[in-house]
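Visitor: Everything below, folded, please.
(one chain, ligands or ions: 2)
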Amino acid sequence: MGNKISEADLIINQDGSIYHLNLLPEDLAETVITVGDPDRVSEVSKHFDSIELKKGKREFITHTGYLGKKRITVISTGIGTDNIDIVFNELDALANIDFDKREVKKDLTSLDIIRIGTSGAIQPDIPMGTILASSFGLGLDALMQYYIHELSGDEHSILDAFKSRFSHIKGINPYLTAADNTLLNTIGSEMAKGITVTAPGFYAPQGRQVRAKNAVPDFINLLNNFQHGNNRITNLEMETAGIYALAKALGHKALSVNAILASRVNFEFSKNPAAVVDKAIKMVLEKISKQK
Ligand SMILES: O=P(O)(O)O[C@H]1O[C@H](CO)[C@@H](O)[C@H]1O
Ligand SMILES: O=c1cc[nH]c(=O)[nH]1
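Guide: Numbers count the residues shown, from 1 in each chain. Ligands and ions are numbered 1, 2, ... in the order given. The predicted structure follows:
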């Protein structure tokens, strides 16, 4: 009885679906694509050979279907790592908790989770239109302060170097997690690679200044000058670090693929963002369709 998860910890709706995602366990495929924008879900599923279900609640829209013999779920997370907390805990519950018994299943399923997101580049040699796979996610948000998560030697050494270089920025406690190596070397094999910084906002937290004044001057230059071994920071967005860290904590494999819409060092934003996103979607689906 001690292992039973309470009704307040794991909320199951009257119809047996999980609280926010509105999905039943059988609605979820073992290959999951996450996107930020709910409208991007159909941009992915329009390439499927068949669509088995469409469900949604709030910003969490889900389509599950087949690409050849591969069953795939595509789901929108909305913006930010606070939403990643909800989506990843609920995806994991769908895969690994027996909803009738409210207990963790004996045999755990490790999902393959691939994010297709948009992002801004901070290196001059990464132009708009690049499709980039995140080798690491470096979080400047607070999500992982609430979870126990372990770091590998590589993760420790990059994170320690970053923390000592950025110790002057008040109120941050960065965390860092690597991509799943197999997904990086298969799905990401033909993509540019680099460390993705996940910011807790789009404007000043990504070094943008419109009217409100930035507390961290020269943020983009500070980030793009950071180098540890062969690792450098290439781009900024708002979910990857949370995805990598929570996926690892829950035993899932994750890769984040970034459609680069902005060059922050050239002060440019894509005139045709849909075409860049479509290129990323096609690259990912082509690789997934070749997986066993
Ligand atoms: O296009 P998506 O996947 O939402 O990703 C990026 O775009 C949003 C900001 O415009 C943030 O969610 C950021 O991570
Ligand atoms: O610069 C960018 C572009 C897309 N998404 C972000 O979070 N930042």
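Visitor: Roughly how far does whatever residue of the stretch 1-150 of the chain ends up closest to ligand 1 sit from ligand 2?
Guide: The nearest approach of the stretch 1-150 of the chain to ligand 1 comes at Gly36, 1.8 Å away (Cβ to the nearest ligand atom). Bear in mind the C-beta positions are built from the backbone N, C-alpha and C, glycine included. Taking Cβ to the nearest ligand atom, to the nearest Å as the measure, Gly36 and ligand 2 are separated by 8 Å.
Visitor: Which pLDDT does the model give that residue?
Guide: pLDDT for Gly36: 98.
Visitor: you'd agree it is up against Thr77?
Guide: Yes. Applying Cβ atoms under 8 Å, one finds Gly36 in contact with Thr77, separated by 5.8 Å.
Visitor: Identify the contacts common to the two.
Guide: Common contact partners of Gly36 and Thr77 (Cβ atoms under 8 Å, 6 or more residues apart in numbering): Glu239.
Visitor: higher neighbour count, the two?
Guide: Ranked by neighbour count (other Cβ atoms under 10 Å), Gly36 and Thr77 place Thr77 first, with 28 against 20.
Visitor: ok, now which ones touch the residue nearest the centre of the chain?
Guide: Closest residue to the average C-alpha location of the chain: Thr240 at 3.7 Å, with Cα atoms, centre = their mean. By Cβ under 8 Å, 6+ apart, Thr240 lies in contact with Arg115, Gly117, Ser134, Gly137, Thr196, Thr198, Ser256, Asn258.
Visitor: any idea how far the fifth one lies from Lys213?
Guide: Thr196 is 26 Å from Lys213, where distance means Cβ to Cβ, to the nearest Å.
Visitor: try the last one
Guide: For Asn258, the distance to Lys213 under the criterion Cβ to Cβ works out to 28 Å.
Visitor: what about the two, which has more around it?
Guide: Under the neighbour definition other Cβ under 10 Å, Asn258 and Lys213 were set side by side, and Asn258 has more, 29 against 7.
Visitor: List of residues touching the longest helix along the chain?
Guide: With secondary structure taken from DSSP state H, the chain has its longest helix at helix 273-290. Helix 273-290 is contacted by residues 31, 33, 40, 43-44, 47, 67-68, 70, 72, 114, 116, 118, 128-129, 131, 186-187, 189-191, 257-261, 270 when judged by Cβ under 8 Å, 6+ apart.
Visitor: which ones among these are found in strands?
Guide: Using DSSP state E to define strands, the subset of these located there is 31, 33, 67, 70, 72, 114, 116, 118, 131, 257-261.
Visitor: Select, from the residues you listed, the two members most distant in space.
Guide: Taking Cβ to Cβ, the two most distant members of the ones in strands among the contacts of helix 273-290 are Lys70 and Leu261; they sit 27.8 Å apart.
Visitor: more crowded one of those two?
Guide: Higher neighbour count among Lys70 and Leu261: Leu261, with 22 against 18, using other Cβ under 10 Å.
Visitor: could you list every residue that touches that one?
Guide: Contacts of Leu261 by Cβ under 8 Å, 6+ apart are Thr118, Ser119, Gly120, Met128, Phe269, Ser270, Pro273, Val276.
Visitor: Then Ile116?
Guide: Counting by Cβ under 8 Å, 6+ apart, Ile116 makes contact with Ile33, Thr34, Val35, Arg40, Val44, Val257, Ala259, Val277, Ala280, Ile281, Val284.
Visitor: if we can go back for a sec, ok, and of the ones in strands among the contacts of helix 273-290, which contact ligand 1?
Guide: Thr118 (Cβ under 6 Å from any ligand atom).
Visitor: ok, Ala274 to Lys54 distance?
Guide: Going from Ala274 to Lys54 by Cβ to Cβ gives 21 Å.
Visitor: Count the neighbours of Ser189 for me.
Guide: 12.
Visitor: With adjacent residues omitted, what lies nearest to it?
Guide: What sits nearest to Ser189 in space, not counting adjacent residues and going by Cβ to Cβ, 6 or more residues apart in numbering, is Lys287, at 7.5 Å.
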